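Engineer: missing the sequence, but the structure's below:
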């Protein structure tokens, strides 16, 4: 099974984006994957903004990205793009940090006007970092996420079904990549 890093780029302590990302992470754990979470907001802001990759917390976060087999990258959408917090962290990563990895982009926002932000702003950055496969992402409206009650995270049936299909596509891509790697290793 794969090791998956769930990377959340919300600046909020109580976050719909983080709740959605953890929901998907929980599904992956049930499938037997090893999942860890990195909330970018928990990194020291001075080191993050100064691009201090030698700072211990920043260096550990970069190593976590590089060590993972796959990533779930979750962000709120502000002004038609992913969060500046996530951008700041992604800019610290080595150019090949996502080399060979499967990446699932997730986004949340207040209006369907932000629906294409994954494809127009986030996907190109993930690809430029060398992702082997950026799977079909999912945008979920804020109103369809309950991040405070302790009940189901996705309160809208259609959103729940769409996220489940998106997670299934990610799991399928993980399986395909693992099979390709095994076949390559067998021929080496």
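Structural biologist: That came through, no problem. All values derive from a computational prediction rather than experimental measurement. Numbers count the residues shown, from 1 in each chain.
Engineer: how far away is the residue with the shortest distance to the centre of the chain from residue 58?
Structural biologist: Most central in the chain under Cα atoms, centre = their mean is residue 73, positioned 1.3 Å from the mean C-alpha point. The gap separating residue 73 from residue 58 is 17 Å, by Cβ to Cβ, to the nearest Å. The way it works is simple: take the backbone N, C-alpha and C, and place the C-beta from them, glycine included.
Engineer: likewise residue 178?
Structural biologist: Applying Cβ to Cβ, the value for residue 178 to residue 58 is 30 Å.
Engineer: of the two, who's got more company?
Structural biologist: A direct count of neighbours by other Cβ atoms under 10 Å for residue 178 and residue 58 places residue 58 higher, at 19 against 15.
Engineer: Once you drop chain neighbours, what's closest to that one?
Structural biologist: Of all residues beyond its chain neighbours, the one nearest residue 58 is residue 47 (5.0 Å), with distances taken as Cβ to Cβ, 6 or more residues apart in numbering.
Engineer: just residue 37 next, same as before
Structural biologist: Nearest to residue 37 is residue 6, by Cβ to Cβ, 6+ apart, at 4.4 Å.
Engineer: Check residue 106 too.
Structural biologist: Spatial nearest neighbour of residue 106, excluding adjacent residues (Cβ to Cβ, 6+ apart): residue 74 at 4.2 Å.
Engineer: ok but the one you found is inside a helix, no?
Structural biologist: No - counting by DSSP: H, G, I helix; E, B strand; the rest coil, residue 74 is located in no helix; its state is strand.
Engineer: circling back: so the residue nearest to residue 37, which of the three states?
Structural biologist: Of the three states, residue 6 takes strand under three-state DSSP.
Engineer: Who are the contact partners of it?
Structural biologist: Contacts for residue 6 were tallied using Cβ atoms under 8 Å, 6 or more residues apart in numbering; they are 21-22, 24-25, 35-38, 71-72, 74.
Engineer: mind listing what's buried in stretch 36-43?
Structural biologist: 37-41, 43 (16 or more other Cβ atoms under 10 Å).
Engineer: can you check stretch 79-86 too?
Structural biologist: 81-83, 85-86.
Engineer: could you point out the longest helix in the protein?
Structural biologist: If you go by DSSP state H, the chain has its longest helix at helix 157-187.
Engineer: starting at the chain centroid, how far to that helix?
Structural biologist: Relative to its chain's centre, helix 157-187 lies at 14 Å (Cα atoms, centre = their mean, to the nearest Å).
Engineer: what helices or strands is that helix leaning on?
Structural biologist: Packing contacts for helix 157-187, counted by 3 or more Cβ pairs under 8 Å, 6 or more residues apart in numbering; DSSP states H and E, involve helix 16-30, strand 70-78, strand 102-109, strand 138-141.
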